[in-house]
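In: Need coordinates for the following:
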Amino acid sequence: MKTPWSFARFLPMAGRLLSRGRLPTLLFAVASKGASQGNRLGKLKDDLRLLQALCLAYWRGEYRAISPKALLSVVAGLMYFLSPVDAIPDFIPMFGMLDDIAVLAWLMKTLTGELDAFRAWRSRQAPEKLAVVERLPDTPQQLQLERPKKN
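Out: The predicted structure follows:
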């Protein structure tokens with residue numbers, strides 16, 4: 001499946017976001033938009049939650065078995081989802097979310113192996129641990145403080 005033409009410009013931005021430690025801010029924005037879109041996302045709402053859980057587990061240092069390229073693609077996909085000005089601007093009634101949904105669906109298909117590995121990792125974790133790892137605190141700043149220190 002071919003990469004959506006408007007997705008590529010989000011890859012460099014995703015790299016900058018990751019290098020600057022801004023992933024918590026992105027995750028809060030994704031959670032907010034995902035909640036506000038409700039039924040418009042359909043099954044992709046679960047996919048969006050999976051991508052968010054993957055990023056949270058990565059941020060907290062619990063899950064690192066993802067390739068840098070795949071992580072960059074996930075972050076770029078989440079940024080695309082948030083962008084109000086993409087291939088079809090989100091403010092256009094009825095059609096604004098179509099490209100966002102298409103990019104997320106493409107991402108889920110393209111990263112099937114990486115996402116299956118993450119699902120398998122999740123299935124091996126105790127529910128109590130997952131509740132902590134995948135919990136989004138009240139503010140991005142709190143999540144920033146939770147990040148494990150690098151050795």
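In: pLDDT averaged over stretch 23-31, what's the number?
Out: Average pLDDT, stretch 23-31: 90.
In: got it, and stretch 74-93?
Out: Stretch 74-93 shows a mean pLDDT of 73.
In: mind checking the end-to-end distance for stretch 35-51?
Out: 14 Å (C-alpha to C-alpha, to the nearest Å).
In: what does it contact?
Out: Stretch 35-51 is contacted by residues 30, 34, 74, 77-78, 81, 97, 101, 104-105, 107-108, 115, 118-119 when judged by C-beta atoms under 8 Å, 6 or more residues apart in numbering. For every residue, glycine as well, the C-beta is placed using N, CA and C.
In: so Leu72 makes contact with Ser19?
Out: No: here Leu72 lies out of contact with Ser19, judged by C-beta atoms under 8 Å, at a distance of 10.5 Å.
In: between the two, which one's more packed in?
Out: Legend: neighbour count by other C-beta atoms under 10 Å for Leu72 and Ser19, higher for Leu72 (18 against 8).
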